[in-house]
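>>> would you be able to build a 3D model of this:
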Amino acid sequence: MITNKTQNLTSMKNTHILHLVIAVASLTALDAAVNVDRNNVLWEGTYEGDSVNLTTAGTPPDGTTPVFSAFDANTDNRSLIGGSLQMVTGSAGQTQSFSNDFGMVQSNLMTVEWKGSVDINQPFDALTGFGGLIVVADGTYLSFNQYSDQLQVQNAGQTAASFLMNMTQEITFRVTYDGSLATDDWKLYADNSLLWSSGTLVAATFAPVSNRIIFGDYSAGAFYGAANWDYISWTDAGAFAPVPEPSFAMALLVMGGASLIRRRKRASVE
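A predicted model of the protein is given here:
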């Protein structure tokens, strides 16, 4: 009798735990577009590239709360490629770019992270790139324009910096802005490594809004090509530098140090 009672109590407990897990999972799925914990940051908003609207020209992609707005779009050439949103503007004159203010008030802090690549198998203009992402922070903005072999930072249409890299492979970029800094208020990271600091650069003003992200082909037809977006995440809660992953060399150093300590301990015992 005691055994049966214990088994029943255990079964009821397991059932309650299962229901709790299901409830938490349901809430997490429902709230997947906001408060996403990724790469050591709790992002206020995120867009996952595997959620895509393929219907009407100018219709923003689904999957974000609050939703994106059309910034400059007259084509709907979008598809799902390997879990990423691919946006294609195959000729001059086509544009598709989307913006999100995600309910922010003006803040002098901003962090945006995105992971993606470009597809050189699509028609493209090698001179002007494959589109990119604009970060608006505290009423100023910089453009981060993608090419097959480089990323360009532009300020009011003028190149502020460019970096050679293979953009056909997925790269994780992060941009931070801290308006309290006298210099280096903008920083750009690639795969957790600092790539660029703005120095004394004064970013151009962006009048309509204080804080915003814009991604896609926003160049009124000057860009065209194919950009793949795995995800885009953002927050105005802070300027969060990425946490570097320990390198293999550092791991060897730590292991070597541990071995040295063990040898010293053995020597002291003997």
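>>> tell me the secondary structure for Glu113?
Assigned by DSSP: H, G, I helix; E, B strand; the rest coil, the conformation of Glu113 is strand.
>>> that one contacts Leu188, doesn't it?
No - counting by Cβ atoms under 8 Å, Glu113 stays clear of Leu188, with 11.0 Å between them. C-beta here means a position set from N, CA and C on the backbone, and glycine is covered the same way.
>>> identify the contacts common to these two.
Listed as contacting both Glu113 and Leu188 by Cβ atoms under 8 Å, 6 or more residues apart in numbering are 173-175.
>>> ok, of these, which come out buried?
Taking 16 or more other Cβ atoms under 10 Å as the criterion, what is buried in these is 173-175.
>>> quick one on the thing from earlier: a markdown table please, covering the shared contacts of Glu113 and Leu188 and showing pLDDT and distance to Gln154.
As requested, the shared contacts of Glu113 and Leu188 are exported to a markdown table (pLDDT from 0 to 100; distance: Cβ to Cβ, whole Å):
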| residue | pLDDT | distance to Gln154 |
| --- | --- | --- |
| Phe173 | 98 | 14 |
| Arg174 | 98 | 18 |
| Val175 | 98 | 13 |
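>>> strands - which of those residues land there?
If you go by DSSP state E, those have 173-175 in strands.
>>> for those, which one is nearest Val153?
Val175 (9.2 Å; Cβ to Cβ).
>>> so who does that closest one touch?
Residues near Val175 by Cβ under 8 Å, 6+ apart: 110-113, 135, 142, 144, 186-189.
>>> mind listing what Glu154 touches?
Wrong residue type there; residue 154 is Gln, not Glu. Contacts of Gln154 (Cβ under 8 Å, 6+ apart): 142-145, 160.
>>> 6 Å - rerun?
Residues near Gln154 by Cβ atoms under 6 Å, 6 or more residues apart in numbering: 143, 145.
>>> returning to what we had before: could you dump the contacts of Val175 into CSV and include neighbour count, distance to Ala239 and secondary structure?
Listed next are the contacts of Val175 as CSV, based on neighbours: other Cβ atoms under 10 Å; distance: Cβ to Cβ, whole Å; DSSP: H, G, I helix; E, B strand; the rest coil:
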residue, neighbour count, distance to Ala239, secondary structure
Met110, 29, 7, strand
Thr111, 26, 6, strand
Val112, 24, 10, strand
Glu113, 22, 12, strand
Val135, 26, 11, strand
Leu142, 24, 14, strand
Phe144, 18, 16, strand
Trp186, 26, 9, strand
Lys187, 19, 8, strand
Leu188, 20, 12, strand
Tyr189, 19, 11, strand
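>>> could you find the closest non-adjacent residue to Asn108?
Distances taken as Cβ to Cβ, 6 or more residues apart in numbering place Gly179 nearest to Asn108, at 3.0 Å, with adjacent residues excluded.
>>> what's the neighbour count on the one you found?
Using other Cβ atoms under 10 Å, Gly179 has 17 other residues around it.
>>> the one 4 residues further on now?
By the measure other Cβ under 10 Å, the count of residues near Thr183 is 10.
>>> you'd agree it is up against Val202?
No - using Cβ atoms under 6 Å, Thr183 makes no contact with Val202, being 10.7 Å away.
>>> give me the common contacts of the two.
Common neighbours of Thr183 and Val202 (Cβ under 6 Å, 6+ apart) do not exist.
>>> from Leu133, how far off is Ile120?
Taking Cβ to Cβ, to the nearest Å as the measure, Ile120 falls 19 Å from Leu133.
>>> compare these two (neighbour count), which wins?
Using other Cβ under 10 Å, the more surrounded residue of Ile120 and Leu133 is Leu133, with 23 against 16.
>>> so which of the shared contacts of Glu113 and Leu188 comes closest to Ser69?
Comparing the shared contacts of Glu113 and Leu188 against Ser69 with Cβ to Cβ places Val175 closest, at 20.5 Å.
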